[in-house]
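# Test case, fold it:
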Amino acid sequence: MRVLVTGGTGFTGSALVARLVEEGHSVIALDYKEGLDTARLRAAGAEVVIGSVTDRATVDRCMKGVEVVHHLAAAFRELNVPRSHYDAVNVQGTRNVFQSALEHGVAKVIYCSTCGVHGNVERPPANEDAPIAPADYYQRTKYEGELVAREYAAKGMQTVILRPAAIYGPGDPERFFMIFRRVARGSFPMFGSGKTFYHPLYIDNLVDAFMLSMEDGRGVGGTYLIADEEYYPIEEIVRQVGEALGVPVKIRRFPITPLVVTGHVMETVCRPFRITPPIFPRRVDWYRQNRAFDISRAKQELGYSPRVPLLEGLRRTGEWYREQGLLN
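Predicted structure coming up:
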C-alpha cells in the first residue's frame with residue numbers, strides 16, 4: 001500500500017517507516033526536521049518530506065495516492081516554545097491530517113496518542129475507560145487530538161487510536177537515556193519511594209501494534225492502550241537497567257518535594273528566554289506518577305502480543321547506547 005507516516009523521521013516514526021518499507025509498502029515520511037536515521041530511510045526507498053503538519057498545503061501534497069495514514073507527528077519535549085505551539089501541532093495539525101485524508105479518500109487513519117491522557121493512575125492498572133486526567137499541556141493537546149479523530153470517525157472514516165506507554169529502544173536519544181547514563185555510572189538518585197509504577201513499551205512491540213492497526217476493519221473506531229506485558233516499580237526498572245548493562249547500581253534516596261518545587265521554578269524562569277530547563281515538571285513526574293495499564297483490549301481486538309520482554313529490550317538498548325559512545 002501507499003502509506004503516509006507523519007513524524008516519520010523521529011524515534012518511533014523512523015522505526016515504523018523502516019518496518020513498512022521492509023514489508024513492501026510504498027512509504028512517505030513527513031516530519032519537520034531530519035532525523036538520526038533519515039539517510040538510511042531514504043536509502044531503503046522511503047520518500048522523506050521535510051515540512052510541518054501545521055502547513056495544510058504540505059499535508060495535501062503528501063496525501064496524494066495514500067491509502068493508510070499513521071499520524072505520529074506531535075510537539076513532545078519542546079520546552080523552548082510557547083504553549084500555543086502544542087495546540088498548533090497536536091490539535092490543529094491533527095485536524096489538517098484528518099481533513100486532508102478525508103478529502104483524498106484515505107481508507108484508514110491511525111492516530112498515535114499517549115497513555116498520559118489518563119494522568120496519574122490512581123487505581124492501577126488502568127484500562128481505556130479509566131478517567132481522562134491529563135496533567136500537562138502535552139497530554140491535554142494529545143487528548144484533544146483524540147477528539148478530532150473521533151469527530152472524523154463519526155463522519156465515516158476508519159480510525160484507530162493508540163495510546164502508547166513509555167517507549168524505549170535502540171535509536172532513542174532521550175527517553176530512557178538518562179536512566180541508562182546514571183546507572184552506567186553505578187549510582188542512581190531516587191527521589192521519593194521508588195515504588196511508583198512505570199509501564200515500558202519496547203519500540204518493536206509498538207511497531208507491531210501499528211502494523212496490526214493497518215489491517216482493513218481491524219480496531220476501527222477503537223482506542224487501545226499499547227504497552228509491554230508488565231509494569232514495574234521504578235526502582236525495579238533501574239535495577240533491571242543495571243542488570244542489562246552488567247553494572248551494579250547503588251540507589252541513593254532523596255525527598256521528592258524539593259525536586260517538584262525546583263522543576264516548576266526552573267520551567268517558569270526559563271520559558272521567557274526559550275531555554276530548555278535541566279529540570280521540569282514532566283521529568284519530575286517520572287518519580288511520582290503511576291503509569292500501569294491493562295492491555296487486554298488490544299490483545300483481544302487487535303491481536304496485539306508484545307514479543308520483546310523488558311530485560312531483552314533493555315539489553316538491546318544498552319548495546320546501542322554503547323555503540324554510539326553515549327555511555328562512555
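# mind showing which ranges of the stretch 51-200 of the chain have poor pLDDT?
For the stretch 51-200 of the chain, the stretches with pLDDT under 70 are 79-80.
# need the strands for it, in chain order.
For the stretch 51-200 of the chain, the strands defined by DSSP state E, counting those that start in this stretch occupy 68-71, 108-112, 158-164, 166-168, 187-191, 197-198, 200-202.
# Distance to residue 134 and mean neighbour count added to these, as TSV?
No exception for glycine: its C-beta is placed from N, CA and C like everyone else's. Shown next, in TSV, are those (distance: least, C-beta to C-beta, whole Å; neighbours: other C-beta atoms under 10 Å):
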stretch	distance to residue 134	mean neighbour count
strand 68-71	19	27
strand 108-112	16	26
strand 158-164	12	24
strand 166-168	16	23
strand 187-191	23	16
strand 197-198	18	20
strand 200-202	19	25
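# Indicate which one of those strands is closest to residue 34.
strand 68-71 (19.0 Å; C-beta to C-beta).
# Check which helices and strands that closest one is in contact with.
strand 2-6, helix 93-103, strand 108-112, helix 203-214 (3 or more C-beta pairs under 8 Å, 6 or more residues apart in numbering; DSSP states H and E).
# Run the chain-centre distance for the helix or strand following the longest one.
Following the chain from helix 203-214 toward its C-terminal end, the next helix or strand by DSSP states H and E is strand 223-226. On the basis of C-alpha atoms, centre = their mean, to the nearest Å, strand 223-226 sits 12 Å off its chain's mean C-alpha point.
# dump the residue contacts of residue 197.
By C-beta atoms under 8 Å, 6 or more residues apart in numbering, the contact set of residue 197 is 121, 124, 231, 232, 233, 234, 290, 291, 292.
# and if we set it to 6 Å?
Counting by C-beta atoms under 6 Å, 6 or more residues apart in numbering, residue 197 touches 124, 231, 290, 292.
# mind checking pLDDT for the closest residue to residue 202 other than its chain neighbours?
Closest residue in space to residue 202, ignoring its immediate chain neighbours: residue 313 at 3.7 Å, by C-beta to C-beta, 6 or more residues apart in numbering. Here, the pLDDT recorded for residue 313 equals 98.
# now the angle from the helix or strand hosting residue 313 to helix 203-214?
Using DSSP H and E, residue 313 falls within helix 310-323. Interaxial angle of helix 310-323 relative to helix 203-214 (axes from the mean of the first three to the mean of the last three C-alpha atoms, to 10 degrees): 110 degrees.
# one step back: just among the contacts of residue 197, which is most surrounded?
When neighbours are counted by other C-beta atoms under 10 Å, residue 231 leads the contacts of residue 197 with 24 neighbours.
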